[in-house]
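Asks: The sequence and its predicted three-dimensional model are supplied below.
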Amino acid sequence: MIFSTLEHILTHISFSIVSIVITIYLMTLLVHKTIRLHDSSEKGMIATFFCITGLLVTRWIYSEHFPLSDLYESLIFLSWGFSIIHMVPKIWNHKNNLSAITAPSTIFTQGFATSGLLTEMHQSTILVPALQSQWLMMHVSMMILSYAALLCGSLLSVSLLVITFRKSLGVFGKNNHSLIGLFSFDFDEIQYVNKRSNALLNNSLVSFRNYHRYQLIQQLDRWSYRVISLGFIFLTVGILSGAVWANEAWGSYWNWDPKETWAFITWTIFAIYLHIRTNQNFQSTNSAIVASMGFLIIWVCYFGVNLLGIGLHSYGSFTLAS
Amino acid sequence: MSHVQSQILPLNLKPYPLIHNSRILGVYSNNKARTFSFNLTCKLNTVKGGKTIKEKSGSVPGNDGAPPIVEMEEGSRGNDGKKVEKLKNSGVGFGLLKKFPRKVLGILSNLPLAIAEMFAVAALMALGTFIDQGEAPDYYFQKFPEDHPPLGFFTWRWVLTLGFDHMFSSPVFLGTLALLGASLVACTYTTQIPLVKVARRWSFLQSADIIRKQEYADTLPRASVKDLGVILMGAGYEVFSKGPALYAFKGLAGRFAPIGVHLSLLLVMSGGTLSAVGSFRGAVTVPQGLSFVAGDVLAPFGFLSTPSDAFSTEIRVNRFTMDYYDSGEVAQYHTDLSLFDLNGKEVMRKTISVNDPLRYGGITIYQTDWSISALQVLKDGEGPFNLAMAPLQMNGGDKKLFGTFLPVGDDNSPNVKGISMLARDLQSIILYDKEGKFAGVRRPNSKLPIEIDGTKIVIEDAIGSSGLDLKTDPGVPIVYAGFGALMLTTCISYLSHTQLWALQDGTSVVVGGKTNRAKGEFPGTINRLLDQVPELVESSSPKET
């Protein structure tokens, strides 16, 4: 009982802190950059990180197995992954635009996980025999971390595309921004990056305008490459450890199970991305387009296959409550 | 001349070398990139001799003469390997056209082709998950009818002709995979291995101008190249110096690792092929206490499958048990197996469970399934009788249900009545009387009798059968080796190969560098290193003016 209360408290604290952080981000954007506020938002993200960590640890102790056995837990873990990706570059003091992607991503996954849509799943469940293995920890945590990193990286690419796209269309009214922002939450983040670039541009000379934009695009390009490569490593390790596990549990290291197949498709798409990057003749928009395809494919792999509830990976499946 | 100058000038204002901007421009539109390349061309010519400029600039729009120079420029600032590779590729394309294998190699190692192949594989796999696999033809006749097919053209003829009903073993898919494998080999041979030769060569740059043209460049006033060398060494660089020149690199493994990735992918592919053609598989459900011979169950999977000595092993299921959670859900299945050789000697004994298979002589035995084979029942103190249990069809859900029937009264009457017994697992048996009314629940081994319609029944035991999967797979060691190598090399591939050049130019040191992956962090990291270089207060350099 005490565990579930603790879990409840931690969930709500982390969610509200992330909301506050987002608000602060927006405020620093709209008003001038106030260093103090920015600092507090950073602290907020750290607090969120610890809350989610606490949440996972609580669940671990409570359920006596690694907290990655169903979709709810994996979503929490995903937002934990986002907050890690948010924090790691901060440790090395790298300035980048990642926080524009990671903070909203954390709030959306956290929000989705705690929303009423999946309330029945909050109860921690027992492990079916096939999941009782040491591989669970390695395989699933690697997969979710790779999803987190790849989602971040491909979102950076999506924002790169949007900025490039805007440029080729010429002047784009601010009204359109909010329109795009309404479409989906992904665009919300892009809009944020855009605004940031606008803030950068507003007080600079016209001749420097393009230069700053180029620099922003180049930064986005480089960081998305870096984050995607990292996610690719996680994905490779995750898929391979899954294959080894499957050879222990199901009798074959590869079964062409839908989830496996989609993970392999994701892997292939990001392999294409990395190959396009090796060739300097291809423009960075090309690789960004591939990464944006990858963004959709990750979601198919993560949710789509589970929604259908087919194949051997049916542990994470859920039914939409009506 | 002045025209050219005015175009170059704004660029010189920018802190970063020219290359940056040309790439940035390249992002936007071909048009701008072209004009910019053209500037570079002019500049190159200016260095050589100013008089040709007008001519060149006049002929540039739509001129094919410009691109090679641009490419050279790219090659020299990108990585040296690329340039060599390009030259080599063009050599393959033009010089050795008659040599067929070389030409094929050249085509296969083409990057756009490889990317197209990867897209094709991905698309086929996606299609394979959308089309239900392994159904009877009738299913596809219904799902992809000819009168109104999905997407307007995708009829069952497409599905069945192309073998998409079994996508992952269809010739189309395997062919694409094989092509991709061929591309992998070709690319490793023609592109990556020459790259090693180039990357291993380390070179000093003797001109400050060339160093300043690197992706990153900086000048340290009043510094010594030797101090820089020491600091770089401290940061884990390999440092070489010759006179005033210094060359340092780090993370060379990161440049070679992609070759390892490709090779280990090939290893995995060949292991997978071996698995596909050389393995045996079989599944069997064995009631507790019975035994079977491995070779009877295992069926060859491919044309290279050859049985081994271990196939004569007799396997006995000593005991099948299930663990339960407090809530009654099944926690784990265990089967106690004994293996006997031809002489009847026990060679191995192990209790297997899900995630813990038995391996003997190349055969792996997995716990995959279960059922209840029989109930041992005492009827009015007589028996025990073995009542065979049959699986009952459940509508929906993956829970199993088994049932049996104990006739009561006259066995020969046309509508025989009796006691029904149902079981979900080995834990408890639910009994129903003649009318089908619930009578009670008994646990096996409890010895607690239950009286139904005047018949006293004791359930002695519930006998489970263990569902076992057997396989031999000669490909597994190769595949695992490939997996290990792939994990390792993929991780190493994250390392960024950084190269730094420095030159003592009077009292100042010109530093330039480039990196192949971590371009975002690179300037910051190098700046932090350069900040550590001590500033020389008094200089005795004779060159100082």
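Replies: Perfect, thanks for sending it.

Asks: gap between B:Q206 and chain A?
Replies: Distance from B:Q206 to chain A, counting by Cβ to the nearest Cβ, to the nearest Å: 26 Å. Glycine gets a C-beta too; all of them are placed from N, C-alpha and C.

Asks: Compute the number of surrounding residues for the residue in the stretch 401-545 of chain B that chain A sits nearest to.
Replies: Residue of the stretch 401-545 of chain B nearest chain A, by Cβ to the nearest Cβ: B:G520 (3.7 Å). B:G520: 22 surrounding residues under other Cβ atoms under 10 Å in any protein chain shown.

Asks: Skip the chain neighbours and tell me the closest residue to it.
Replies: Sequence neighbours aside, A:R222 is the residue nearest to B:G520 in space, at 3.7 Å (criterion: Cβ to Cβ, 6 or more residues apart in numbering or on different chains).

Asks: Can you give me the pLDDT of the one you found?
Replies: Here the pLDDT value assigned to A:R222 is 84.

Asks: Quick check: it vs A:S154, distance?
Replies: A:R222 is 15 Å from A:S154, where distance means Cβ to Cβ, to the nearest Å.

Asks: neighbour-wise, which of those two wins?
Replies: Between A:R222 and A:S154, counting by other Cβ under 10 Å, A:S154 is the more crowded of the two (29 against 19).

Asks: Wait, that one touches A:I289, no?
Replies: No: contact criterion Cβ atoms under 8 Å: A:S154 and A:I289 do not qualify, at 10.5 Å.

Asks: Would you mind listing what in the stretch 51-200 of chain B touches chain A?
Replies: By the rule Cβ under 8 Å from any Cβ of the partner chain, the part of the stretch 51-200 of chain B lying against chain A is B:74, B:78, B:82, B:111, B:114-115, B:118-119, B:121-122, B:125-126, B:128-129, B:133, B:167-168.

Asks: Of those residues, which belong to helices?
Replies: B:74, B:82, B:111, B:114-115, B:118-119, B:121-122, B:125-126, B:128-129 (DSSP state H).

Asks: Show me what from the stretch 301-450 of chain B comes close to chain A.
Replies: Remark: the part of the stretch 301-450 of chain B in contact with chain A comprises B:325, B:327, B:329-333, B:353-357, B:364, B:366, B:368, using Cβ under 8 Å from any Cβ.

Asks: Which of these sits closest to A:I233?
Replies: Proximity of these to A:I233 (Cβ to Cβ) peaks at B:N355, which lies at 25.8 Å.

Asks: So which residues of chain A form helices?
Replies: Under DSSP H, chain A gives helices at A:2-30, A:35-63, A:71-91, A:98-114, A:135-169, A:174-183, A:185-202, A:206-249, A:258-278, A:284-299, A:305-308.

Asks: Those helices: which one's closest to B:L195?
Replies: In terms of Cβ to Cβ, the element of the helices of chain A nearest to B:L195 is helix A:258-278, at 10.4 Å.

Asks: Next, find the distance separating B:K197 from B:R255.
Replies: Separation of B:K197 from B:R255 (Cβ to Cβ) stands at 12 Å.

Asks: ignore the last one, A:L161
Replies: 29 Å.

Asks: More neighbours: the two, which one.
Replies: Neighbours were counted for A:L161 and for B:R255 using other Cβ under 10 Å; B:R255 has more, 25 against 19.

Asks: Excluding chain neighbours, what is closest to the more buried one?
Replies: Using Cβ to Cβ, 6+ apart and skipping residues adjacent in sequence, the residue nearest B:R255 is B:H497, 4.2 Å away.

Asks: got a list of what the one you found touches?
Replies: B:199, B:249-252, B:254-255, B:515-517 (Cβ atoms under 8 Å, 6 or more residues apart in numbering or on different chains).

Asks: between those, which is closest to chain A?
Replies: B:R517 (6.9 Å).

Asks: hang on, the closest one packs against B:I492?
Replies: No: shown here, B:R517 and B:I492 do not form a contact pair, counting by Cβ under 8 Å, at 11.5 Å.

Asks: what number of residues lie near B:V537?
Replies: Look at B:V537: counted by other Cβ under 10 Å, it has 6 neighbours.

Asks: what about it, which helix or strand?
Replies: Using DSSP states H and E, B:V537 falls within no helix or strand.

Asks: can you pull the contacts of it?
Replies: Taking Cβ under 8 Å, 6+ apart as the contact definition, B:V537 lies against B:R222.

Asks: can you rerun that using 7 Å?
Replies: When contacts are counted by Cβ atoms under 7 Å, 6 or more residues apart in numbering or on different chains, B:V537 touches no other residue.

Asks: pLDDT score assigned to it?
Replies: 73.

Asks: Any chance you could list what contacts the helix or strand where B:R316 lies?
Replies: According to DSSP H and E, B:R316 maps onto strand B:314-324. With contact meaning Cβ under 7 Å, 6+ apart, strand B:314-324 is reached by B:286, B:288-294, B:330-340, B:370, B:425-427, B:464-466.

Asks: if we go to 6 Å?
Replies: By Cβ atoms under 6 Å, 6 or more residues apart in numbering or on different chains, the residues outside strand B:314-324 that reach it are B:286, B:288, B:291-294, B:330-340, B:426, B:464, B:466.

Asks: Adjacent strands (with direction) for that strand?
Replies: strand B:291-293 (antiparallel), strand B:330-340 (antiparallel) (DSSP bridges).

Asks: Quick check: which of those is buried the most?
Replies: Ranked by mean neighbour count under mean count of other Cβ atoms under 10 Å in any protein chain shown, the strands paired with strand B:314-324 are led by strand B:330-340, which reaches a mean of 19.
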